[in-house]
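A.B. asks: Sharing a model prediction with you, sequence too.
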Amino acid sequence: MSLNESSIEEWVIDLFKKQGYTYIHGPDIAPDSQADAPFKRSSFSDVLLSDVLAQAIQRINPELDADVCQDAR
């Protein structure tokens, strides 16, 4: 096995999948994608999916006030 960016990426994706994470291919969340992804970027310049992050913060920390969760974003 050669050690290159692609092989490391595949290894990490497999590692996360084994931990229960869902992998969604990048082009599937593109703003112009026709894929049935659970969320999409609003533009290609979006590096962070803020709405997804906000939902995760609320889900993981239900005891936190909404203002605190907003600040964490």
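C.D. replies: The structure has been received and is ready for your questions.
A.B. asks: can you tell me the helix or strand for residue 54?
C.D. replies: Remark: residue 54 resides in helix 50-60, with elements defined by DSSP states H and E.
A.B. asks: I meant to write residue 42 there.
C.D. replies: Counting by DSSP H and E, residue 42 is found in no helix or strand.
A.B. asks: Residue 57 versus that one, what's the distance?
C.D. replies: 19 Å (C-beta to C-beta, to the nearest Å). Backbone N, C-alpha and C define where each C-beta goes, glycine included.
A.B. asks: what about those two, which has more around it?
C.D. replies: Set side by side, residue 42 and residue 57 show more neighbours around residue 57, with 18 against 11, by other C-beta atoms under 10 Å.
A.B. asks: thought the more buried one was touching residue 69?
C.D. replies: Yes: under the criterion of C-beta atoms under 8 Å, residue 57 makes contact with residue 69 at 4.7 Å.
A.B. asks: Give me the distance from the lowest-mean-pLDDT helix or strand in the chain to the chain's centre.
C.D. replies: Ranked by mean pLDDT, DSSP states H and E, the weakest helix or strand in the chain is helix 66-72, scoring a mean of 78. For helix 66-72, the distance between its averaged C-alpha position and the chain's averaged C-alpha position is 19 Å (C-alpha atoms, centre = their mean, to the nearest Å).
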